[in-house]
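S.K.: here's my sequence, what's the structure:
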Amino acid sequence: MKNIDTLLHVRGESQFVDDIPVPEGLLYAAVLSSTIACGKITKLNLAPAKKIEGICEILTADDIPGDNQIGNMIKDELLLADKEVHFIGQPIALIIGKNAEAAQIGAKAIDIEFEEKPPVFDARKACSQGELIIPPVTFSFGNINSAWQKCDVIVKGQVESGGQEHLYLETQSAFAYSTEIGGLKVIASTQAPRDVQNAVAKVSGLAMHNVEVDVLRLGGGFGGKETQATTWAALAALAAFKLKKPVKLILSRREDLCMTGKRHPYSSDFKIGLSHDGKILAYEVFFYQNAGAFADVSPAVLGRTLLHVTNSYFIPNVKATGFCCRTNMLPNTAFRGFGTPQAMFVIESAIFKAAEKTGIEPSVIQKKNLLQENEEFPYGMKVENRQARRCWEKAGKIYQTDKIRQNVQDFNNSHLLLKKGFALMPICYGISFAPSIFLCQASALVHIYSDDGSVGVSTGAVEMGQGVNMKIRQVVSRTLSINLSKIKVESTNTTRVANASPTSASYSTDLHGNAAKSACLKILNRLKKFAAKQLNTQHSPNIKIRDIEIKNEMLCLHGKPTDITWNKLISDAYFNRINISAQGFYSTPNIHFDQSQYKGKPFAYHVFGTAVTEVTVDCLRGTYQIDSVKVVHDFGKSLNPLIDLGQTEGAIVQGLGWMTLEELSYADNGRLTSDKMSTYKVPDIYFAPQEIEVHFLENSENPQGIFNSKAIGEPPLVYGIGVYFAILQGMKAFCPDLQMEFSAPLTPEKVLLSLYGSRRRV
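M.R.: Okay, here's the model as predicted:
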């Protein structure tokens, strides 16, 4: 179970982009970026900067030999701004110096002037002006129009959810150098090596086979290095290509904060209808997504939002509409959850408000509407099992939610200024690259070395702290029945594994693990054929492949060990010219999706769970303490419980941060003011819950996952939403007539102003 990366991290031996030995003559790059949100570049005088000692070259859009375009889903994003700028932080020029200090000084010396235009920062305003990146997307299920007439209670509301900074430990980083045939090699901190390869090829004018991208590991990603890493890698590569010198570009923490996209802020409207007993009969929602200045992956994020519009509930009549709004903010991007948390926050807000109007406790409405086996999701898939209810029931039993409810009530009755609240948060999270299901494919390359039987594995998965390399080693170990110590997972490299999908969507272990397993099975089949032939000459001419297996590094016949070890088998196979290398490929079976109808089977499977969150609110100061988050989670048959536990705990805390502390603030001109660690607050050891408890749901099978496991990276983040409603419960215990406007994050300042301000809002 030991993770090699963890041991290297603890000893300080892990290498990241800025640690890797670089070629001789390394130059350093810095970026001049826009200081206005919208307007024209009226003057760009490079002469003062070129006079500075140590400056080697300054590149602008005019110096790009290929296409000045790095757009991902839509080709709308320039590498370097040309004539116009669309957000503060947009790269305009690249300054290359003999050292990093000279490059930074050179960037500040450039004489630049702008003609400003009125910017738009609000998604709803952008929508009203027709500033949409794609046409509105609408899908429906049932008959929403006739359903309202059957509802006893109808509630409407508005929900605001803020952005979130990825705050990976390793900032955006890359270095590049020319190869002997005029190509480029790029060492990048990216979750998507293929995207970097493609962008570098287009910008430089090279064919893709002349661009090699290599990734050893990332110091965190969370989606922020899926597409956003492309800009910095392409800029480093452009400089290396033009100057024929190695070039490194490493963003400072402040540059990273100010020049990279965040989680998408959403402004949403909901309308929900229920029967008197709490059954949800109809739900309509409008999402206004703040995409920022360019598309990035915003259309796909919005698509994911629509697919998770009802969370873990069955609602017979649903209509959802999404607007992908172009504003003059940083292009927002993938973030752990990829649009799903925004959707789930809205439906939970709708349930909370409906509970207030009906007088029914939110958990009663939640439980009454939980998905059951064979019920249908709004996009057409059927529920595969009753795990939603199993997780809920298990959480109620082992965490004694009835007792918690009574304890909270007793505490609140005996305390004047301190109030407790608790909330339950069920989740249902679909696993795959939906709706972009073409990405659900992966390749792997496996080599077995003849002298000692050790194994090298190359996949398209990028290790960024989530333990994917360890899990792939486990897959290979289990498939070949050899010790983990014999297996090494190589760096992720576009020359060994081409056309790899990004490492995201919580789907990498499934995809790349299955591809590695496929390659191993090919080799295993060859080895068994060879062994059967060898054993036939020694024992019996009737030995079949099915009679042979490899178990614990021994060749077994009819279940009994022979005298042939793994090392001897590999050596003999090599000397008999048996191929002990293989390429494996895997594509998710039986998935399909009609974008025009928003119907199909977009997910390989679903992950379920329930969290119970308790808080204590200081209603005098507006502060709060998260007492506990207790979870029952459906892991399937976990490949590595230790890794999965760590991922769950980390995701929970990150979700708590999104809902409470992590507030992005901007000046009126669009400049980010929470641009340093002193002004952007994230959870620390003092903020973290006093107790986090994670229970692995028993007897959970998942034939669609690698060795019956389930994906883990993203789903647990959504448990953090529960803290918002737990805090609200505590606030309402202090102020029962509190009128709610749902707005996250729910910072201590918001709590205080809501309880005592002239406009009580949360």
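
S.K.: now tell me which helix or strand of the protein has the poorest mean pLDDT.
M.R.: Least confident helix or strand, the chain: helix 4-11 with a mean of 89, by mean pLDDT, DSSP states H and E.

S.K.: and that one, what does it pack against?
M.R.: helix 468-480 (3 or more Cβ pairs under 8 Å, 6 or more residues apart in numbering; DSSP states H and E). For every residue, glycine as well, the C-beta is placed using N, CA and C.

S.K.: picking up where we left off before, quick one: contacts of the least confident helix or strand of the chain?
M.R.: Helix 4-11 has contacts (Cβ atoms under 8 Å, 6 or more residues apart in numbering) with Ser14, Arg217, Glu463, Gly465, Gly467, Asn469, Met470.

S.K.: what does stretch 571-580 give?
M.R.: Stretch 571-580 is contacted by residues His447, Ile448, Ser450, Asp451, Gly453, Ile523, Arg526, Leu527, Phe530, Gln534, Ile564, Ile570 when judged by Cβ under 8 Å, 6+ apart.

S.K.: mark which of those are buried, thanks.
M.R.: His447, Ile448, Ser450, Gly453, Ile523, Leu527, Phe530, Gln534, Ile564, Ile570 (16 or more other Cβ atoms under 10 Å).

S.K.: quick one: residues contacting the first one.
M.R.: I take that to be His447. Here His447 is in contact with Val455, Gly456, Val457, Ile580, Ser581 (criterion: Cβ under 8 Å, 6+ apart).

S.K.: which SS state does it fall under?
M.R.: At His447 the chain is in strand, as set by DSSP: H, G, I helix; E, B strand; the rest coil.

S.K.: pairing partners for it in the sheet, please.
M.R.: Assessed by DSSP bridges, His447 has beta-bridge partners Gly456, Ser581.

S.K.: repeat for Thr610
M.R.: On the basis of DSSP bridges, Thr610 is bridged to Pro426, Val632.

S.K.: out of everything not next to it in sequence, what's closest to the most centrally placed residue in the chain?
M.R.: When Cα atoms, centre = their mean is applied to the chain, the residue found nearest the centroid is Arg336 (3.0 Å). With Cβ to Cβ, 6 or more residues apart in numbering as the criterion, Arg336 has its nearest non-adjacent residue at 4.7 Å, and that residue is Phe222.

S.K.: the one you found: what secondary structure?
M.R.: Relying on three-state DSSP, one would call Phe222 coil.

S.K.: quick check, pLDDT for it.
M.R.: Phe222 is assigned a predicted lDDT (pLDDT) of 98.

S.K.: I'd guessed it sits against Thr333; true?
M.R.: No: the pair Phe222 / Thr333 is not scored as a contact, 10.3 Å apart, by Cβ atoms under 8 Å.

S.K.: count the residues that sit near the nearest residue to Ser298 once chain neighbours are set aside.
M.R.: Distance criterion Cβ to Cβ, 6+ apart; nearest residue to Ser298, sequence neighbours excluded, is Ala291 at 3.7 Å. A count of neighbours around Ala291, defined by other Cβ atoms under 10 Å, yields 30.

S.K.: try Tyr756
M.R.: Using other Cβ under 10 Å, Tyr756 has 12 neighbouring residues.

S.K.: quick check: it vs Met659, distance?
M.R.: Distance of Tyr756 to Met659, computed by Cβ to Cβ, to the nearest Å: 22 Å.

S.K.: same check, this time on Ala532
M.R.: 59 Å.

S.K.: kindly report the same for Cys428.
M.R.: 19 Å.

S.K.: can you check Val446 too?
M.R.: Taking Cβ to Cβ as the measure, Val446 falls 43 Å from Met659.

S.K.: same check on Val629?
M.R.: Here the criterion is Cβ to Cβ. By it, Val629 lies 12 Å from Met659.

S.K.: and the strands in the stretch 51-200 of the chain?
M.R.: Under the criterion DSSP state E, counting those that start in this stretch, the stretch 51-200 of the chain contains strands at 55-59, 84-85, 91-97, 111-116, 137-141, 153-161, 173-178, 184-188.

S.K.: the stretch 351-500 of the chain too?
M.R.: Remark: strands assigned in the stretch 351-500 of the chain by DSSP E, counting those that start in this stretch are 418-431, 441-448, 455-459, 487-489, 492-493.

S.K.: ditto for the stretch 651-762 of the chain
M.R.: Secondary structure of the stretch 651-762 of the chain (DSSP E, counting those that start in this stretch): strands located at 691-696, 742-744.

S.K.: tell me the most buried of these?
M.R.: Across the strands of the stretch 651-762 of the chain, averaging neighbours per residue (mean count of other Cβ atoms under 10 Å) puts strand 742-744 on top, at a mean of 23.

S.K.: how far out from the middle of the chain is that one?
M.R.: 22 Å (Cα atoms, centre = their mean, to the nearest Å).

S.K.: by neighbour count, which of the contacts of His447 wins?
M.R.: Counting neighbours by other Cβ under 10 Å, Val457 leads these with 25 neighbours.

S.K.: pLDDT below threshold where in the stretch 1-150 of the chain?
M.R.: Applying pLDDT under 70 to the stretch 1-150 of the chain picks out residues 1.

S.K.: how much space separates Arg386 from Asp634?
M.R.: Distance of Arg386 to Asp634, given as Cβ to Cβ: 11 Å.

S.K.: what's the answer for Thr401, then?
M.R.: 18 Å.

S.K.: now Leu746
M.R.: Distance, Leu746 to Asp634, by Cβ to Cβ: 28 Å.

S.K.: between those two, tell me which one has more neighbours.
M.R.: For Leu746 versus Asp634, the count of surrounding residues by other Cβ under 10 Å is larger for Asp634: 26 against 22.

S.K.: need the contact list for that one.
M.R.: Gln387, Arg390, Cys391, Val607, Phe608, Gly609, Leu697, Ser700, Lys710.

S.K.: which members of these are the farthest-apart pair?
M.R.: Arg390 and Lys710 (13.7 Å; Cβ to Cβ).

S.K.: quick one: which of those two has more around it?
M.R.: Each of Arg390 and Lys710 has its neighbours counted (other Cβ under 10 Å); Lys710 has more, 31 against 20.

S.K.: which ones are touching the spatially closest residue to that one that is not a sequence neighbour?
M.R.: Excluding the flanking residues, the one nearest Lys710 by Cβ to Cβ, 6+ apart is Gly636, at 3.6 Å. With contact set as Cβ under 8 Å, 6+ apart, Gly636 has these partners: Ser700, Glu701, Asn702, Gly705, Asn708, Ser709, Lys710.

S.K.: quick one: Gly636 and Ser477, what's the gap?
M.R.: Going from Gly636 to Ser477 by Cβ to Cβ gives 19 Å.

S.K.: same deal with Lys522?
M.R.: From Lys522 to Ser477 the distance is 17 Å (Cβ to Cβ).

S.K.: what do you get for Ile591?
M.R.: Distance, Ile591 to Ser477, using Cβ to Cβ: 28 Å.

S.K.: which stretches of the chain have low pLDDT?
M.R.: Residues of the chain meeting the criterion pLDDT under 70: 1, 537-541, 758-762.

S.K.: tell me the domain ranges of it?
M.R.: 19-118+166-259, 441-587 (automatic domain parsing).

S.K.: and these: which comes nearest Val301?
M.R.: Smallest distance to Val301 across those (Cβ to Cβ): 9.3 Å, for domain 19-118+166-259.

S.K.: may I have the distance across the closest one, first residue to last?
M.R.: Taking Cα to Cα, to the nearest Å, domain 19-118+166-259 runs 23 Å from one end to the other.

S.K.: try stretch 558-570
M.R.: One end of stretch 558-570 to the other measures 20 Å (Cα to Cα).

S.K.: now the helix or strand that contains Lys630 against strand 418-431, angle please.
M.R.: Using DSSP states H and E, Lys630 sits in strand 623-633. Strand 623-633 and strand 418-431 are oriented at 40 degrees to each other (axes from the mean of the first three to the mean of the last three Cα atoms, to 10 degrees).
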